[in-house]
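*Asks:* Sequence first, predicted coordinates after that:
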Amino acid sequence: MKFTRAQVRILGAVMLAYTAAYVCRTNISMLLSSIIDQFSLTQAQGGLIATMFAIIYALGQLVTGLIVDRINPRLFILTGLLLTGACNIVCACAPSYGCILAFWTLNAVGQSMLWTPIVRIVALKFQTEIRSRTSFFLSMTLVLGYVIAWLLAGMMVSIANWRFGFLVPAFVTITCAVIAFFMLYDVKIKPEPKKSSAEKAEGGLGRVLCTTGLLFVLVGCVFNGFMRDSIMTWAPTILMETQGVDLDGVLGVALIIPIVNCIGIIFGRRCYNWVRGSARRSISLLLILSSVASALLLAFSGVNSLVCAVLLAASAATSYGLNPLLTTMLPLEYDRLKRVGAVAGMIDAFIYLGSGLAGITAGAVSEWAGWTAVFALWVVSALCGAAAMLFSSREKFMKNL
């Protein structure tokens, strides 16, 4: 089944919007080392920036997931992108670490306003037969966002200073926000009708958590978020500290990671087909492979910078390869229960709870026991996440969807 012209335009708009969001979210990875040096911070203090972002983002996703059926997604997406652009502009002018911490935390509010409206648009504008392809294209925004953010921020640090690594992405995001807003001109979603007491009892969130395995999915999300985002947050710093690579070298080598994530996403789609359309089992398989890649990183990261970068990329690619399955296909399993938006928000929220743990924990553990201890944590996290996801795929849970 092919996309209609309207669907191509809508898909292009939401891809543009979410790519722009990542440009003003993941640029911090390339700037973190410079910020730590500028304000004489510890690794843990630097990691706190990512941790506070993740915590507020997670809470924001929970709120957005609960109200997504009653909002104008087009206007909500525009507001979120303008807020995140404005926060990056303020961070570019920040006189202190505290100011960056405060406004990067506010940036999380704007970022949390984006994903659940996008999933809601997908659920209503794209038929079941093409949702798998839609989720695949949407997942490419992560790769594009990381490449553009790291390239822009890295170049700005090299030719100017870290402040321009906030400023230039901000203007890119604001421009894309306006373009996406006009591309979504015909997206008008009516609010869901109020449910009766019986329907609320049957489809209440508490019941959905317990009877569909969603509770175990959310546990798996925490472990996945911890591993995935600690890799992407600290990868440039790891290459600089463990391999002695300067910033220009890190930019070239580190860009391998988001590019290889594209291969991981393609491989994730293959896994989805291999296990006959079971998002949960394919996620489990990818997490197991991610644990293997991290174990190899633990054993061979000291060989040279290229080997370290390739193994970091493999760990990231497998953990990111499951992203379209986890954040799009799995929430769409709840379409019959009319809980797509709420489940999408909860899944993204719990991923970022794990991400919040990653920022400060990875920084603190690296100071205490070195980066090899962080690699070991990634192995354990991936295996625990795989176990939780596999348990959630039991037949007694799936029959209730």
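*Replies:* Alright, I've got the coordinates.
*Asks:* going forward, measure contacts between C-alpha atoms and count neighbours the same way
*Replies:* OK.
*Asks:* Remind me what the top helix by length along the chain packs against, helices and strands.
*Replies:* Using DSSP state H, we find that the single longest helix of the chain is helix 128-159. The criterion is 3 or more CA pairs under 8 Å, 6 or more residues apart in numbering; DSSP states H and E, and the helices and strands that helix 128-159 contacts are helix 5-23, helix 28-38, helix 164-183, helix 247-254, helix 256-274, helix 323-324.
*Asks:* most neighbours per residue, which of these?
*Replies:* Mean neighbour count (mean count of other CA atoms under 10 Å) peaks for helix 323-324 among the helices and strands packed on helix 128-159, with a mean of 25.
*Asks:* which residues are contacting it?
*Replies:* Here helix 323-324 makes contact (CA atoms under 8 Å, 6 or more residues apart in numbering) with 135, 136, 138, 139, 265.
*Asks:* which is the next helix or strand following the particular helix or strand that has residue 78 in it?
*Replies:* Using DSSP states H and E, residue 78 sits in helix 73-92. Using DSSP H and E, the helix or strand that follows helix 73-92 in sequence is helix 97-111.
*Asks:* list the contacts for residue 66?
*Replies:* 341, 342, 345.
*Asks:* repeat that with 7 Å
*Replies:* Residue 66 makes contacts with residue 342, as judged by CA atoms under 7 Å, 6 or more residues apart in numbering.
*Asks:* just residue 356 next, same as before
*Replies:* 50, 51, 52, 54, 55.
*Asks:* so how many other residues sit close to the residue nearest to it when sequence neighbours are not counted?
*Replies:* Excluding the flanking residues, the one nearest residue 356 by CA to CA, 6 or more residues apart in numbering is residue 51, at 3.9 Å. Residue 51: 25 surrounding residues under other CA atoms under 10 Å.
*Asks:* Would you check that residue 51 makes contact with residue 361?
*Replies:* No - if you go by CA atoms under 7 Å, residue 51 and residue 361 don't touch, sitting 8.8 Å apart.
*Asks:* Okay, helices next: where are they in the stretch 201-350 of the chain?
*Replies:* For the stretch 201-350 of the chain, the helices defined by DSSP state H, counting those that start in this stretch cover 205-211, 214-243, 247-254, 256-274, 279-300, 305-321, 323-324, 330-332, 340-369.
*Asks:* Determine which of those helices approaches residue 30 most closely.
*Replies:* Closest approach to residue 30 among these (CA to CA): helix 214-243, 6.6 Å.
*Asks:* List the buried residues of that closest one.
*Replies:* Neighbour-count burial for helix 214-243 flags 214-240, 242-243 (criterion: 16 or more other CA atoms under 10 Å).
*Asks:* thinking again about what came up before, now the helices of the stretch 201-350 of the chain as JSON lines including distance to residue 82 and mean pLDDT?
*Replies:* Below are those laid out as JSON lines (distance: least, CA to CA, whole Å; pLDDT from 0 to 100):
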{"stretch": "helix 205-211", "distance to residue 82": "31", "mean pLDDT": "84"}
{"stretch": "helix 214-243", "distance to residue 82": "23", "mean pLDDT": "84"}
{"stretch": "helix 247-254", "distance to residue 82": "27", "mean pLDDT": "57"}
{"stretch": "helix 256-274", "distance to residue 82": "25", "mean pLDDT": "79"}
{"stretch": "helix 279-300", "distance to residue 82": "33", "mean pLDDT": "91"}
{"stretch": "helix 305-321", "distance to residue 82": "26", "mean pLDDT": "83"}
{"stretch": "helix 323-324", "distance to residue 82": "25", "mean pLDDT": "82"}
{"stretch": "helix 330-332", "distance to residue 82": "27", "mean pLDDT": "87"}
{"stretch": "helix 340-369", "distance to residue 82": "20", "mean pLDDT": "81"}
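*Asks:* looking at the ones you listed, which is closest to residue 151?
*Replies:* helix 247-254 (7.1 Å).
*Asks:* tell me the pLDDT at residue 192?
*Replies:* With respect to pLDDT, residue 192 has a value of 57.
*Asks:* Kindly report the same for residue 375.
*Replies:* Looking at residue 375, its pLDDT reads 89.
*Asks:* Flag every buried residue along the host helix or strand of it.
*Replies:* Residue 375 belongs to helix 371-392 when assigned by DSSP H and E. Using 16+ other CA under 10 Å as the test for burial, helix 371-392 gives 371-372, 374-392.
*Asks:* could you give the angle of it to helix 214-243?
*Replies:* Angle of helix 371-392 versus helix 214-243, following axes from the mean of the first three to the mean of the last three CA atoms, to 10 degrees, is 160 degrees.
*Asks:* Now do the following helix or strand past helix 371-392, average pLDDT.
*Replies:* Following helix 371-392 in sequence order, the next helix or strand is helix 395-398 (DSSP H and E). Averaged over helix 395-398, pLDDT sits at 90.
*Asks:* ok, and what's touching helix 395-398?
*Replies:* By CA under 7 Å, 6+ apart, the list of residues contacting helix 395-398 from outside reads 211, 212, 213.
*Asks:* Can you tell me which of those residues comes closest to residue 170?
*Replies:* Residue 170 lies nearest to residue 213 out of those, by CA to CA, at 39.3 Å.
*Asks:* so the closest one makes contact with residue 389?
*Replies:* No - at 8.7 Å, residue 213 does not count as touching residue 389 under the criterion of CA under 7 Å.
*Asks:* Can you tell me how far residue 356 is from residue 50?
*Replies:* Using CA to CA, to the nearest Å, one obtains 7 Å as the distance from residue 356 to residue 50.
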